[in-house]
Each structure stands twice: as C-alpha cells, then as structure tokens.
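> heads up, no residue letters with this:
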C-alpha cells in the first residue's frame, strides 16, 4: 500500500489496529485464565507483556511512514484554529505577505516573459541573431547562402501599415518577413497557408501581393471568420490577398511587439514608396536570424559567416563613403548571439527600471517578513506557558518548533495564494501602463515557472519569518511549566524583536528614500522649463507618400492645409514643421560658421513655417520670425536659439552672420533671428544648439513628403478640434493620411518609464511605511503588556502619565533611531545604482533622505505613542492586586 | 521447557524480521500466535518483546513482504492473519541464506585453533 493510500485510509487503519491489539490481549488473557490465573490478574499480566497498548499503537503508526504528514495536518488544523482566534493578527500577517509576494510574483512574470521565455517556435534554442541591422542586399547575399551557413535563415522588420484610404489613419502593426520566415521558424498556419519563398520575389510573387494575419488580428478584425482566406485587405492603399492566419500564441519574433499583418519583404516598394528598401545600400532595416544546424556551435556559425564575409561585404558596398569608411565597412566582423528568447529593444529599455522595481519589491517582502516575525515573537511570548506545558508533557523541542513553523507555513501559504491573485491583476495593470505608449504586447500566462517562483518565495518567507520564533519556542524551559503563566519571563526575545525593529525601520527608510527620489525625478522632469507651452496643442502628422503625392506638390499642399486650418473656429494659430518636440524623431545637421576658424559642429534642425513659434509660445529674443516671404527661391535664412548664439557667437551679435551646413542638405543661411531655448528631443537633455529653417526652403532637401501641423486651440482641450481639422483637410485633399495626437499625450508617452517607476516606488514606499507603523505598534503594545506590573509599581510610587509615556517611548525610539541611521547610510550608498533613472538630483540627495527619515520617524512615533498612552492609563491599584 | 530468565537473550539487531518471516512461512498466523510460536520454537531462549512484534509486522506489511486478512479464527472471533507474499518468500530465502553464511563464517572463526591462525 503506498503511503498516500495509507494516509487516506487512516480511519480504517486505526480501527484495525485497535481491534488487532485487543484481540491479542483477549487471547493472552484466555490462555492465562486457562492456566489457572485469576481474570483481573491475567488481564494485568497480558497488558504488561504487550508493554502498553498506546505505545505499541504509536510505534505501529510510525511504521506507516505517513507520520510527518499526519503531524503536519494536525499542526495545520491547530494553526488554523489559532489564526481564527486572532483575526487581526492573521489579517495583518497574511495581507502584508500577500502584498509582498504578489509584488514579487507580478514583476517576476513580467521579467520572465520579457527576458527569458523562449519564442513559441520549433527548437528556439537553435536560433541565432546576426547582431545589428542589415540592408536588404546583405540579407539577399546571406539568403542565397543560407543552406551552407545554417539550417535556414530568416529576416524581418516591423512597420506600421494604414488600413484607411486617406484621412485619419487606421494603423495596424505590420511585419515584413522573408519568404522562408514561417517555414524556418517552424510556425504553421492555423488557416490557409503561410508566406512562402515564391511570394517574396521582386515585382511581386507568383500569386501577387499576399498577406498573413496574426491570430489576434483575425479574431479582432474579422471575428475569426474562417472564410477570410482569399479576401482582399488594403494596406497603405495597396490590395493584398489574405492567404492564411498564423497560429495563436505566435505574435512575432520581437518580444513586446505583436504583429497584425505579415507581408513579404519584396512588397516594400509598394507599401513604403519613397524609400528604396530593397536596393538602398545605406538603408539598414532588417533583422536577420539563422537556425543552427544540428551539432553546429555558436562559434561554428560565426566562423562560417566570417568565411563568406569578404564576398558579401564587397558585393554590397555603400555609396558616398570615404575610403576610410569603406575599409571599416569591409572589416567589420559578423557577430552572432543566441536568439531563443527572441529579440527586443524593450529589454534594454526596461532592464534597469524593472530590476530596480524588483529589488524594491523584494525589500518590501523583507519588511513584511520582519513584521510577521515580530508579531510571531510577541505571540510566542504570550504562548510561553503553552510551549512549556507541551515540553513537560514529553514533546520534543523540535516538535514544538515544528508546530510554530507549520503556523508560519500556513501564514505564508495563505499569503502566497492571495499574492498570486494580486500578481495576476497587478502584472496586467503594469503592462497596460507600460504600454500607454502603444508598444508593449506581453503574454503573461500563469505557467509552471511563475507558480514555482511563488511557491519558492512563500517557503523562503516562511523560513525567514518563522525560524526565529520557532527556535525561541523550542528553547522554552519545561521547568517553568507549573509556574504562573509568567509575565516578563521571556526577556530573551525582546532583544531579537528590537533587532527586527532596527532592520525593518532601516529597510523601510531605504524604500521611502527610493520613492522620494523617483517622485522628485518625475516632478523635476514634468516641471522643467520646456521653452514652449505643451497644453492646448494638437499635432496632426500629414503623410502624403502613400498616395504618390510628390514632394514639390506636397509643400504647397501642406501650406494650403495650414491656411485653411488657421481659419477654423477655435483655432488660435497653426504652423508646419518636419518634426515636433519630444516625438522620438530628430534631425541633426553638421555645419560650420565661415570666418570663425572652428571645425564642424552639430546642431538640431527644425524646419518650420510662419506661426509655428507662436503655436509653441517660444519667444523671439532678437531679429524677426520666419515670414511667408521666405519661400523656396528667396535668400536662405535661419533662426537660432539662445544656446546656439551663446555657444557659437559668444558676445558677437549673431544677426547677419552666415551658417553653412557641410552636410548634403542645406545651403548657406543668414541668421535673421534669435529665439528662446526649448526642449527638442528628450526631456532629460539640456538645451542644445538648434537651427530653425523656413519650411519652404528646408523641405526641398527631405526625402519623404510628410510633415506635422501643430495647432493651438483658442480655448479648451485641443482634442476637441480633431474632427473639424480632419474634415477640413479632407476637403482640400482626401488622399493625405493623418495621425492626430495632442502634444501633452506625446510628452506623457515619453514619460511612461519615469511615471511607472515613480508610481510603483511610491506605492511600495507607502506600503513599507504602513508595515513599519503596524510593526512598531505591535511591538510596543506587547512591551507594555509585558511590563504592566513594573509600570503599575512605578505609578504607585508616584510616576505620572507623561513620565510613563516617555519611559515606554524612550526604549522603542532608540531602536527606531538606530534603524533610521542605518537606513540613511544604506540609502546614500544604494541610490548610486539608480543614478541613470534620476533627473535633477544627486543619488544621495540629502534633502530626500532627511525628508524620508523625518516622515518615517514621525509615523513610527505615532504608532508607538498609542500603546504608550494606554500604558499611562494603567490603574496601579488593579495591577498590584493582580500580582 | 523454558530457560531461566537470566539465560534469555536479546535478539541481534535486524533478526526479528527474519524470524517473523520464517514463522509465517510455515503457514498463515495471527499476531498472538506468532508471538507464541516464536517463544515455543526458540524454547524461550530468545526474548521477543510483544511490544516490538506488532510494529515489525506492520513494517513488513508496508514493505509488501506480508499481506494480512481478517478472518474467523479457531475461537470463532475474527483475527488478522498474516501470510507471506511472493516477495516475502524470496526475501526469506535470501536472508536465510545470508544468515547461514554469516553463522558458518562466525562459527569457523570461533573454532579456529592457534595453529590455523598462524
């Protein structure tokens, strides 16, 4: 019989055991009586011979091998009863652990899916990534050699496609894939077929333009209609035939991104006409992944690639390069890395914030453990009598300690179950917050890995907070069992509990300091002087290349659009530009200033129309604004910002000076105005030298007919203007594709990381503060209860209430102060590791540390004051009577 | 005939299981009968404490060397009868053989004369 069956049949086994032993005794008695012994004497001898029925039973039970489980389950029931009798303790302990475990599990599941989990493809461990991004020509060279180099290779690139035929865009996440993409990755179609090599041919494949939908897009957009294969889908106005649907679970090769529609790489010229994706030797846009042959090592792949590097490089030399640059191009070695978990730009972007928050969550769990340990210790003091009694009745020390550990496991287990629920909810909430920038698609299943992690954390916490109280209980002294249930007899655990207070306060302070640093960082960034007014502006991106509008037609078209939008009711001003601030796009240009003798310098470039500066509210400091008279054929002019003037002209008057760009785009320009500094690309950057060029002059030299129209609303939220603006533009030219977003949203999206880190650390900091307060309240309460007699005597001898309060507080606050000092030191040291996440303050910012320390001190003082005041209300007469 | 008390010996470690297997190997028995049979066969030389008999029986049953069945006994009362399983019989043979080898070896050593030891 296996031990779990024996466990299940416990009742029957017990009955049989009793019957068997009873039978033995009856037979022995019968034999003795038959030999002439008296009945009662016979019974006595039979019992004696067997050696005690209960002892034999115990020995037999031990033989079942289920003893530990039986003990455990009875301990568990006992612990459960104990917790039910103390609902306040149970609630605080379970809830604080649940928050700690939940936070850790939630972050673990995110880190796990972002950093570690393999792609849902065939044998992902054999995939290797060719580091860097590649031109199509290089990819074709590799593709043609793929079977000698690898067991197949694939290339892809993400892109946005537009489902609308002009007007406000309906974007979908597109994916350009090589013909063998699905086949080499081992991803079969769930419906129809995947993209095949014959689809990925220049000037369209054998069946024309084809597309494969993702499972999610198929369900969302087509309601999971099985008749979707063969239907037409318009992407950037080109008609594609849907040939199949990818399997559920496969959302693309990049972690955190998900595709809606995949098309062959060869369709690039049709989808993105102004750019020559297939033949431009300077356009690096493809990711390349190969599959190792069985038995081939990473080094083997690298060697094979480097063997063919020279011909591949020589066949794909980029144009317009110096000899030095070309030599570098030929020399640069191919490098491969494992790609089992896919690739991701998010990994690098979120690694530091995620690990910071993970560390914070772990500290919260430590605080929670310290808290529960302290509450357990205090309870242990009350239960000294019980422990002594059990020891005196023959329980081993280990048995008593095990009872207490079981309680800890029960608490941790309940905390883990509740924590898992928190984690499920919290991790999804977190991902939603991360993805307000529209970029994060993470699958967060509760898989074996996550459950294992939660289980491990639960066991770890149980050991962390359960060991100390268990040892303490095991060391109880059986001698005292018959004495009065002693007050003040458990002096030993006071030291441990005070040490725990120091640790808890120190960790809580670290968490509070982290919260302070990140909240102040967020405040510093959002409150920084931008150089423009971000509220009240609607940004409309105009894309004309999808509809084949040429650049020289686009500039006057864009100007007509601007002129008509300015006339709309509710619009205060409007201006065109190539890029907008904090949009993720930027343009940097090399230039020199003739006659200064300085070499080439770099500056940001804004290409703007009249009215753009007034939309943004950036003040003109000297000279004039850009005018309508600055057209394509007039003399090239430029405005510069204050930083530019200071850096390159110093005390000289910049007006009338000449700037000559040494790049290929802009002609020599005369400086006609100076404007105030404004943030260009990144909210964390200092103001950089910036040049403003008239739209009509600058747009001659851009590659694509696209621009942004910034519109200032006269009053109220700018998003209200959207429909009127979209309608007005459609009246002028319905072919133009539009993307509308307010400037505030654009800036918010750039702050996702900062906001998230501040929000989470703030939450955890508050949690730690609360736990510290609860812990201190509990410990002080127990100290007061333990010293009731002493306090009573002191009061009888004339100590007044304030004196008692001072006495109680004095003991506790010493340890709090110690914890605050330790915590300050640790914070000052540890904050160095998050320097790159901070803005506007130094890592060990003394003001933040002092503020956090004062807050923590004040709250813990309050928490300790409540029981201290209760101590002062002790009635000495009553206490003295009791003792 | 029972040996005087001071001549009784404690069982060497681990031999109780072998003796139980042997006794039960002669035919199905209940616990009390096993105790009596052990006492009779050893002629009272070996002291089998009844208290350790039952844990040993349960241990052997749990290891699958014995199986037990409740059935009517000669007194008319139900009793738990133990019987050897196939594994139990194999175990009994193996242990008997190794016990004999050990006993022979120990006997040889004890019989050794000074000449042989040289």
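Received, thanks. Note that this is a predicted model, so its numbers are computed, not measured. Residues are numbered from 1 along each chain as shown, chains lettered A, B, ... in the order given.
> most centrally placed residue in the chain?
Assuming you mean chain A. residue A:354 (4.6 Å; CA atoms, centre = their mean).
> nope, chain B
Note: chain B centre (CA atoms, centre = their mean) maps to residue B:19, 1.0 Å.
> Whichever strand or helix holds it and chain A, are they touching?
Assigning secondary structure by DSSP states H and E places residue B:19 in helix B:15-25. No - where contact is defined by CB under 8 Å from any CB of the partner chain, no part of helix B:15-25 touches chain A; the two come within 11.8 Å at best. Every C-beta, even on glycine, is put in place using the N, C-alpha and C of the backbone.
> After that helix, heading C-terminal, what element do we hit next?
strand B:29-30.
> so what does the longest strand seen in chain A touch, helix or strand wise?
When chain A is parsed with DSSP state E, its longest strand is strand A:153-162. Judged by 3 or more CB pairs under 8 Å, 6 or more residues apart in numbering or on different chains; DSSP states H and E, strand A:153-162 is in contact with helix A:136-144, strand A:171-177, helix A:181-185, strand A:286-291.
> Next, the angle from that strand to helix A:136-144.
140 degrees (axes from the mean of the first three to the mean of the last three CA atoms, to 10 degrees).
> Quick one: distance of strand A:153-162 to the chain centre.
A distance of 25 Å separates the centroid of the chain from that of strand A:153-162, by CA atoms, centre = their mean, to the nearest Å.
> which residue packs closest to whichever residue of chain B sits closest to chain A, ignoring adjacent ones?
Nearest residue of chain B to chain A (CB to the nearest CB) works out as residue B:51 at 3.1 Å. Leaving out its chain neighbours, the residue that sits closest to residue B:51 by CB to CB, 6 or more residues apart in numbering or on different chains is residue A:51, at 3.1 Å.
> Hmm, that neighbour is touching residue B:48, no?
No - using CB atoms under 8 Å, residue A:51 is not in contact with residue B:48; the gap is 11.5 Å.
> Who has more neighbours out of those two?
Neighbours per residue, other CB atoms under 10 Å in any protein chain shown: of residue A:51 and residue B:48, the larger number sits with residue B:48, 19 against 15.
> circling back to that earlier point, could you tell me which residues make contact with the residue nearest to residue B:51?
Applying CB atoms under 8 Å, 6 or more residues apart in numbering or on different chains to residue A:51 gives the contacts B:49, B:50, B:51.
> how about 10 Å then?
A:59, B:49, B:50, B:51, B:52, B:53, B:54 (CB atoms under 10 Å, 6 or more residues apart in numbering or on different chains).
> What is the burial count for the second one?
If I follow you right, that is residue B:49. Residue B:49 has 14 nearby residues by other CB under 10 Å.
> try the last one
Residue B:54 has 24 neighbouring residues, counting by other CB under 10 Å.
> Equivalent analysis for the third one, please.
The number of residues packed near residue B:50 is 23, by other CB under 10 Å.
> try residue A:207
12.
> how about stretch A:387-394: buried residues?
Across stretch A:387-394, burial judged by 16 or more other CB atoms under 10 Å in any protein chain shown covers A:387, A:388, A:389, A:390, A:391.
> For residue A:510, give its distance to chain B.
Distance of residue A:510 to chain B, computed by CB to the nearest CB, to the nearest Å: 54 Å.
> residue contacts, that residue?
Residue A:510 neighbours (CB under 10 Å, 6+ apart): A:359-360, A:363, A:366-367, A:765, A:768, A:822-831, A:849, A:852.
> now with 8 Å?
Here residue A:510 is in contact with A:363, A:823, A:826, A:827, A:830 (CB under 8 Å, 6+ apart).
> Report the distance from the helix or strand where residue A:603 lies to the chain centre.
Per DSSP H and E: residue A:603 is located in strand A:601-608. From the chain centre to the centre of strand A:601-608 is a distance of 35 Å (CA atoms, centre = their mean).
> again, but for stretch A:61-70
Per CA atoms, centre = their mean, the centroid offset for stretch A:61-70 relative to its chain is 46 Å.
> Against which helices or strands is the helix of greatest length in chain B packed?
In chain B, assigned by DSSP state H, the helix with the most residues is helix B:86-111. Other elements packing on helix B:86-111 under the criterion 3+ CB pairs under 8 Å, 6+ apart are helix B:15-25.
> tilt between the helix it packs on and helix B:86-111?
Using the same axes, to 10 degrees: helix B:15-25 against helix B:86-111 is 120 degrees.
> what comes up buried for helix B:15-25?
B:16, B:17, B:18, B:19, B:20, B:21, B:22, B:23, B:24.
> what's the closest of these to residue A:415?
Nearest to residue A:415 among those is residue B:17, at 46.1 Å by CB to CB.
> what sits against that closest one?
Residue B:17 neighbours (CB under 8 Å, 6+ apart): B:56, B:59, B:60, B:95.
> In terms of pLDDT, where does the residue nearest to residue B:51 sit?
Looking at residue A:51, its pLDDT reads 80.
> how about it, phi and psi?
Dihedral angles of residue A:51 (phi, psi; degrees, to the nearest 10) stand at phi 90, psi 30.
> that older thread, the residue nearest to the centre of chain A is in what secondary structure piece?
helix A:345-382.
> What is that helix packed up against?
Short answer (3+ CB pairs under 8 Å, 6+ apart): helix A:345-382 packs on helix A:87-111, helix A:397-434, helix A:448-474, helix A:492-526, helix A:752-786.
> Can you give me the buried ones in it?
Applying 16+ other CB under 10 Å to helix A:345-382 flags A:346-347, A:350, A:353-354, A:356-361, A:363-381 as buried.
> quick one: average confidence on that helix?
On average, helix A:345-382 scores 81.
> likewise stretch A:751-765?
Stretch A:751-765 comes out at a mean pLDDT of 85.
> List the contacts of that stretch.
So stretch A:751-765 is contacted by A:103, A:349-350, A:353, A:356-357, A:360-361, A:363-364, A:430, A:433-434, A:436-437, A:511-512, A:514-519, A:521-522, A:525-526, A:683, A:748, A:837, A:839, A:852 (CB under 8 Å, 6+ apart).
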